[in-house]
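1. With the sequence up front, the predicted model follows.
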Amino acid sequence: MAKKRVLVDLERLKYPNSGLGFFCHCLHRGILEAKQELTIHFYKELERGDSTVDKVAFRGWHRLFNPTPVFYNVLHVTHQLQKYFRNTPHQGKRVLTLHDLNFLFEPLTPRRYARVLRRVRRNIELADIIVCISEFVRQNLFDNLHLFKLKQGVEIEVIHNGLIFSDEIDSFPSSLHLEPTDKFLLNIGTLHPKKQQMRLVEMLQFLPNSYHLVLVSSDGEEEYRDLVLSQIKTLGLEQRVHIVSNISNLEKQTLLAHCSAYVHPSIAEGFGIPPIEAMSFGRPTFLSTHTSLPEIGGAEAYYFGELEAQAMATTLLEGLEQYANDPDKPKRLKAWAHRYDYKTMATAYLSLYKKLAGIKA
């Protein structure tokens, strides 16, 4: 009897430095390393000369027309904003990974809001199983079910994101004029109001002058970036705030390994990969108390009780003192982070594929 066929959407791999690109990379590797009872193909851009049979090629014209592939028992759409595979009904079953519903809480124009809602609604309403990446996202979906007409009998599951952990490091990014021995706070994420990097800049003025702030961002909202740059200049922090873009994964890991603390005051997260990466290096990690972050950071993270600059600085300095006086803290941080392993994530998704394909456990 022929194996059941599954198509996994990895289109976001074309943006390897993004959060979705990293999620796809971890899922891909986890699936490849697992023992297979399924025939699994991957939808992605092919590298030059890549003609392997487990790939379904992404083509430029798919942006205009991309009917759902047929002859697959299961299709996994890996994020809620995916615009492919929606033009025709899919004959098999669908899994959708729901990373967040942040658009419901962002200050979007009515036109932009309507466009995003249409795309998310289409993906959610076609799904047979919706996988939320945190309990927070699942609750958020339940709270907003009035916006969607779910399929009858749809299942809603939680599978936390899983990471590939590595302690490999390299030299600092060439654009960053710091040494590994310098004290610096690190933040990784899109420059956007919901990520609250402005609060970090304002906090820095209440910290000793020996502390620097490194903001790593692959992209961002231009207007917000201009506001951040203006505030840096107003506060006279040009020599202490460093913004770097599009660094390699190895350079990112180097910064994580050497930072004095990882700081993440975001108010809109479906999961939060960078905090877990920081914890995997045993670094003290400071989070906001909003959305999924308390769930992901657990008892080992430190939390900003309020997002006011001076209060944040006090929380940070007190937390760093506690960290310095707790020799077992790095070990506990690493142990917590490794709960979110890519193999565990991939195994959970494979179980769902088999379930939808009618393969008994």
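-> Noted; the coordinates are in hand.
2. could you pull out the strands for the stretch 51-200 of the chain?
-> With strands called from DSSP state E, counting those that start in this stretch, the stretch 51-200 of the chain shows them at 55-57, 74-77, 93-98, 129-132, 155-158, 183-188.
3. can I get those strands in a markdown table with mean neighbour count?
-> The C-beta positions use only the backbone N, C-alpha and C, and glycine is treated the same way. Output for the strands of the stretch 51-200 of the chain, formatted as a markdown table (neighbours: other Cβ atoms under 10 Å):
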| stretch | mean neighbour count |
| --- | --- |
| strand 55-57 | 15 |
| strand 74-77 | 26 |
| strand 93-98 | 24 |
| strand 129-132 | 24 |
| strand 155-158 | 16 |
| strand 183-188 | 22 |
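4. and the gap between residue 103 and residue 324?
-> Spatial separation of residue 103 from residue 324 under the definition Cβ to Cβ, to the nearest Å is 41 Å.
5. May I see the strands of the stretch 51-200 of the chain arranged in a markdown table, with mean pLDDT and distance to residue 43 as well?
-> Listed next are the strands of the stretch 51-200 of the chain as a markdown table, based on pLDDT from 0 to 100; distance: least, Cβ to Cβ, whole Å:
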| stretch | mean pLDDT | distance to residue 43 |
| --- | --- | --- |
| strand 55-57 | 64 | 5 |
| strand 74-77 | 94 | 9 |
| strand 93-98 | 96 | 13 |
| strand 129-132 | 98 | 17 |
| strand 155-158 | 97 | 22 |
| strand 183-188 | 96 | 27 |
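6. now for the ones you listed, which one comes closest to residue 275?
-> Closest of these to residue 275 is strand 183-188, at 9.1 Å (criterion: Cβ to Cβ).
7. Parallel or antiparallel, list what pairs with the closest one.
-> Looking at strand 183-188 with DSSP bridges, its paired strands and their directions are strand 211-216 (parallel), strand 261-264 (parallel).
8. Just name the most buried of those strands.
-> Comparing the strands paired with strand 183-188 by mean neighbour count (mean count of other Cβ atoms under 10 Å), strand 261-264 comes out on top with a mean of 26.
9. and the angle from whichever helix or strand comes after that one to strand 211-216?
-> Later in the chain than strand 261-264, the nearest helix or strand by DSSP states H and E is helix 273-280. Compare the direction of helix 273-280 with that of strand 211-216 by axes from the mean of the first three to the mean of the last three Cα atoms, to 10 degrees and you get 130 degrees.
10. quick check: mean pLDDT across helix 273-280?
-> Over the span of helix 273-280, the pLDDT mean works out to 96.
11. Can you give the contact residues for that helix?
-> For helix 273-280, the external contacting residues (Cβ atoms under 8 Å, 6 or more residues apart in numbering) are 19, 22-23, 161, 163, 165, 186-189, 252-253, 256, 259, 262, 264, 285, 287, 293, 296-297, 300-301, 333-334, 336-338, 340.
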